[in-house]
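**Q** fold the following, please.
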Amino acid sequence: MPMTRARIVPVLVVMLGGAAALVMSSCNIGVPAAYILHGPPKIQAVTELDEDRSTVIFIDDPMNLVPRRALRTQIGQAAERHILEKKLVSSSKLVSTISIMRAASGGGELGEEQPSVVDLGRRVGAEVVVYIQVTKFTLSNEPSHLSPVAGGVLKVIDTVENKRLFPEDVGGYPFGFDLPDRTDQTSLSPAERNQWERSLADEFGRGIAQLFYTHERDPMSTRR
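**A** Residues are numbered from 1 along each chain as shown. Coordinates of the predicted model:
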């Protein structure tokens, strides 16, 4: 069964001294003192969403790195779930990712150019488009080494003002996520591959949502 959470990231901790150290020693608890004092280390949000503005998540894959359209939908829907759970956007304002994917697949009218992200957002009634261009989605770069990685570039676009909300850099905000390596995996059946790809899609979607809120670092999560 594939693991759906990503690998441990080392963090720098400060050990307690004096009486606190004695308590740790007497209890024989192998937990970093900084973790006890301050809780798990946190990862800051890179930007925020306006909960009162209609928002849609658009997973764009111009290089066809995601092997199936259904996985692109799954990435967007996983991001939607976590955004709703964290109440980053109200449920009445979150436009379905499926709607903008359908609008994009329809293309432009005969003789017209492919619509822009702003145009697509307007077509589905979204004031804000969370645009993710997929830059990586792979299970392995080596025949006998399973190392799932997904990555993308984030842009948050205001369709009303026809301007970018985040980031200021024209190139967008790059990010990525890993799942645990598996060196004992020599081959995958079609069913196993599908399951791993779905796990990676879920992790990718969860990671997209986490860009918008400060959260505790998951000891099984890698964000690059």
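
**Q** could you work out the end-to-end span of stretch 90-103 for me?
**A** Start-to-end span of stretch 90-103 (CA to CA, to the nearest Å) is 23 Å.

**Q** work out the gap between it and the centre of the chain.
**A** Computed by CA atoms, centre = their mean, to the nearest Å, the chain-centroid distance of stretch 90-103 equals 17 Å.

**Q** and what of stretch 134-142?
**A** Its chain's average C-alpha position is 15 Å from that of stretch 134-142, according to CA atoms, centre = their mean.

**Q** output that stretch as CSV, restricted to C-alpha atoms.
**A** Coordinates of the C-alpha atoms in stretch 134-142 are reproduced here as CSV (Å, rounded to 0.1, in the frame of the first residue of the first chain):
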residue,chain,number,x,y,z
VAL,A,134,2.4,21.6,-13.0
THR,A,135,6.2,21.4,-13.4
LYS,A,136,6.7,17.9,-12.1
PHE,A,137,4.7,14.8,-11.4
THR,A,138,6.6,11.6,-11.4
LEU,A,139,6.9,8.4,-9.4
SER,A,140,10.5,7.6,-10.2
ASN,A,141,13.6,8.7,-12.1
GLU,A,142,15.2,5.4,-11.7
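
**Q** residues in contact with it?
**A** Under the contact criterion CB atoms under 8 Å, 6 or more residues apart in numbering, stretch 134-142 has outside partners 59-61, 63, 65-67, 71-72, 146-153, 174, 176, 185, 188, 193, 196-197, 200, 204. To be clear about C-beta, it is placed using only N, CA and C from the backbone, and glycine gets the same treatment.

**Q** for the record, mean pLDDT for that stretch?
**A** Across stretch 134-142, pLDDT averages out at 86.

**Q** what about residue 136, distance to residue 148?
**A** As judged by CB to CB, to the nearest Å, residue 136 and residue 148 stand 10 Å apart.

**Q** what about the strands in the protein?
**A** 42-43, 55-60, 94-95, 128-138, 149-158, 163-166, 173-178, 215-216, 222-223 (DSSP state E).

**Q** for residue 79, find the nearest of the ones you listed.
**A** Across the strands of the chain, residue 79 has its closest neighbour in strand 55-60 (5.1 Å, CB to CB).

**Q** pull up the pairing partners for that closest one, direction included.
**A** Sheet pairing here is set by DSSP bridges, and for strand 55-60 it gives strand 94-95 (parallel), strand 128-138 (parallel).

**Q** residues contacting it, please?
**A** 49, 66, 72-73, 75-76, 79-80, 83, 89, 93-97, 99-101, 104, 117, 120-121, 124, 126-134, 208.

**Q** neighbour count winner among residue 136 and residue 148?
**A** A count of neighbours by other CB atoms under 10 Å puts residue 148 above the other of residue 136 and residue 148, at 24 against 15.

**Q** skip the chain neighbours and tell me the closest residue to that one.
**A** Closest residue to residue 148 apart from its sequence neighbours, by CB to CB, 6 or more residues apart in numbering: residue 179 at 3.9 Å.

**Q** that'll do, ta.
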